[in-house]
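> Below: sequence and its predicted model.
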Amino acid sequence: MSMISLDIIQTISLSVLVLLLGRSLVKKIHFLEKYSIPAPVVGGLIFALLALVLKQGNILEFEFDTTLQNVAMTMFFTSVGFSASFSVLKKGGIKVIIFLVAAVGLIILQNILGVSLAVLLGQNSLLGLATGSVPMTGGHGTAGAFGPLIAEAGVKGADTIAIAAATFGLVAGGLLGGPTANRLIRKYHLSPTKDPKNTVKNELIDETATTEEKRLIPGNFSTATFELLIAMGIGTIFSSIIQGWKITLPSYIGAMLAGAIIRNISDSTKKYDVPMTEIDILGGISLSLFLAMALMTLKLWELADLAIPMIVMLLGQVALAFLYTNFITFRMLGKDYDAAVLAAGHCGFGLGATPNGVANMEAVTANYGPSPTAFFVLPLVGAMFIDFCNSFIIVFFMNIL
């Protein structure tokens, strides 16, 4: 069998081609667009399937230099750290805090369920994390980061399983949200509130606005790049200190902490600016490149022996998300119309990604009426806090196990 070895430049170049292929297919195939399947996931999986066919046919095998994959991953999670503004959390009001607590509760239960099912099925307990909050609440970004770490800890194919579980979660979360909200709205006879307080403050809209809505300043991109790189450098020091305490953690945790510190010092002192729009854009680019490389280097042949346990664990996660959003999220948020819309959003958010949660809420409100509170609360928690919390909870579980 022939071997093709790609160096660092060839690998990153191929990942861009894979990403562009994914973008093209997402635009053309309605199913992929409807369920917000990320373009690098689409392109990367196609390449991984091609690599599987070539390897199984004893024709060709690829070898990659994935040095830049770790750099891109670290830059993305550093941008997540910069988004963790505690002043914004405080201004967001009680519902933001309640929803964050609810989301953290689901993260903990996802990992407890995943580990329990793994043990019951006679598998390594760490496999439960690869189908728990790593791919579910975490999505493809967290799956790509923690999957290899779980694999290094002794779970063969954990990186592939985590990515596959994240893809399953995106679809399942999109399918579950609508029925959840319909059930709650009809059972409790809910309707949109007329309360004028149910609006979002302008200053908070600005914090969570999409990059298309914000004015981009070219000079800010250099500032954003420099701040990200500084945080990444400081983060290596933080990580080495934490690892000295014999705590297992991914390499980006220190950088994420550094980003959060730099952001919150800026918020409190106003001594320097943190251009979040540009940081978010750079983080998004990094995430796309990281995912493209992570997906195209998957070893799908490692999934065969774990197919049945993985299916059982994933179905368990769907059942948990349904029960949790119906009986915990909905009740914690007040059992009103906004709570029902947020429960639908939490299905997509807790099984896939923030865009899935927003898409679920859009479908519900198109039928029943607006919910400004829901459309403020979920994106704020999803964009600024949940990845930060999830990473530390996963690290906690890994070190216990």
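That came through fine.
> contacts and neighbour counts: CA atoms only from here.
Will do.
> Name the helix or strand of this protein that has the lowest mean pLDDT.
Among the helices and strands of the chain, helix 202-208 carries the lowest confidence by mean pLDDT, DSSP states H and E, at a mean of 46.
> Quick one: list the elements packing against the helix or strand just after it.
Proceeding N to C from helix 202-208, the next assigned helix or strand is helix 218-243, under DSSP states H and E. With contacts taken as 3 or more C-alpha pairs under 8 Å, 6 or more residues apart in numbering; DSSP states H and E, helix 218-243 sits against helix 67-82, helix 253-269, helix 276-296.
> Residues in contact with the shortest one: which ones?
Right, the one you point to is helix 67-82. For helix 67-82, the surrounding residues in contact (C-alpha atoms under 8 Å, 6 or more residues apart in numbering) are 8, 12, 141, 145, 228-229, 231-232, 251-253, 255-263, 276, 279-280, 282-284, 286-287, 289-290, 293-294, 383-384, 387-388.
> In ChimeraX, select just the buried ones from the residues you listed.
Selection of buried members from the contacts of helix 67-82 for ChimeraX, criterion 16 or more other C-alpha atoms under 10 Å:
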select :12,141,145,228,229,231,232,251,252,253,255,256,257,258,259,260,261,262,263,276,279,280,282,283,284,286,287,289,290,293,294,383,384,387,388
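> What residues of the longest helix along the chain count as buried?
Determined from DSSP state H, the single longest helix within the chain is helix 158-187. Applying a neighbour-count criterion of 16+ other C-alpha under 10 Å, one finds 158-178, 180-182, 184-185 buried in helix 158-187.
> Nearest approach to residue 116 belongs to which of the helices and strands packed on helix 218-243?
Residue 116 lies closest to helix 253-269 among the helices and strands packed on helix 218-243, at 26.2 Å (C-alpha to C-alpha).
> so what secondary structure elements neighbour that closest one?
Short answer (3+ C-alpha pairs under 8 Å, 6+ apart): helix 253-269 packs on helix 67-82, helix 86-91, helix 218-243.
> Helix 67-82 and the last one, what's the angle between them?
Orientation of helix 218-243 against helix 67-82 (axes from the mean of the first three to the mean of the last three C-alpha atoms, to 10 degrees) gives an angle of 100 degrees.
> circling back: most packed of the helices and strands packed on helix 253-269?
Comparing these by mean neighbour count (mean count of other C-alpha atoms under 10 Å), helix 67-82 ranks first with a mean of 24.
> so how far is it off the chain centroid?
13 Å (C-alpha atoms, centre = their mean, to the nearest Å).
> how about the CA coordinates for that helix, as CSV?
Extracted in CSV, the C-alpha atoms of helix 67-82 (Å, rounded to 0.1, in the frame of the first residue of the first chain):
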residue,chain,number,x,y,z
THR,A,67,1.3,20.9,14.1
LEU,A,68,-0.9,23.8,13.1
GLN,A,69,-4.0,21.9,14.3
ASN,A,70,-3.0,22.5,17.9
VAL,A,71,-2.2,26.1,17.2
ALA,A,72,-5.6,26.7,15.6
MET,A,73,-7.4,24.9,18.4
THR,A,74,-5.6,27.0,21.1
MET,A,75,-6.4,30.2,19.2
PHE,A,76,-10.1,29.3,19.1
PHE,A,77,-10.4,28.5,22.7
THR,A,78,-8.4,31.6,23.6
SER,A,79,-11.0,33.6,21.8
VAL,A,80,-13.6,31.8,24.0
GLY,A,81,-11.7,32.9,27.1
PHE,A,82,-11.9,36.5,25.9
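> Nearest to residue 55, out of the helices and strands packed on helix 218-243?
Closest among those, using C-alpha to C-alpha: helix 276-296, at 13.7 Å.
> I'd like the mean pLDDT over that closest one, please.
Regarding helix 276-296, the rounded mean pLDDT is 89.
> And stretch 95-110, by the same measure?
On average, stretch 95-110 scores 96.
> How about stretch 389-401?
91.
> Which of the residues in that stretch are classified as buried?
For stretch 389-401, by 16+ other C-alpha under 10 Å, it's 390, 391, 393, 394, 395, 397, 398.
> I'd say the last one and residue 128 touch.
No - with contact defined as C-alpha atoms under 8 Å, residue 398 does not reach residue 128; the gap is 10.4 Å.
> Strands of the stretch 1-150 of the chain, residue ranges please.
2-6, 60-64 (DSSP state E, counting those that start in this stretch).
> and these, which is most packed in?
strand 60-64 (a mean of 15).
> Could you list the residues in contact with it?
1-8, 11, 51, 54-55, 297.
> same thing but at 6 Å, please
Under the contact criterion C-alpha atoms under 6 Å, 6 or more residues apart in numbering, strand 60-64 has outside partners 1, 2, 3, 4, 5, 6, 54, 55.
> swap in stretch 25-38?
residue 171.
> what about that stretch, distance to the chain center?
18 Å.
> Pull up the distance across it, start to finish.
10 Å (C-alpha to C-alpha, to the nearest Å).
> I'd like the mean pLDDT over that stretch, please.
On average, stretch 25-38 scores 81.
> again with stretch 62-76
For stretch 62-76, the mean confidence score works out to 91.
> Stretch 218-231 now?
91.
> Touching it from outside, list them.
Residues contacting stretch 218-231 (C-alpha under 6 Å, 6+ apart): 255, 258, 259, 278, 279.
> at 10 Å instead, please
With contacts defined as C-alpha atoms under 10 Å, 6 or more residues apart in numbering, stretch 218-231 is touched by 74-79, 81-82, 232-235, 254-263, 273-283.
> Export it to CSV, keeping only CA atoms.
What follows is stretch 218-231 as a C-alpha-only set of coordinates in CSV (Å, rounded to 0.1, in the frame of the first residue of the first chain):
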residue,chain,number,x,y,z
PRO,A,218,-9.2,47.1,10.0
GLY,A,219,-6.6,48.2,12.6
ASN,A,220,-8.4,46.3,15.3
PHE,A,221,-7.5,43.0,13.6
SER,A,222,-3.8,43.5,14.4
THR,A,223,-4.7,44.4,18.0
ALA,A,224,-6.9,41.3,18.2
THR,A,225,-4.2,39.1,16.8
PHE,A,226,-1.6,40.4,19.2
GLU,A,227,-3.9,40.0,22.2
LEU,A,228,-4.7,36.5,21.2
LEU,A,229,-1.0,35.6,20.8
ILE,A,230,-0.1,37.2,24.1
ALA,A,231,-2.8,35.3,25.9
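> Understood, closing this out.
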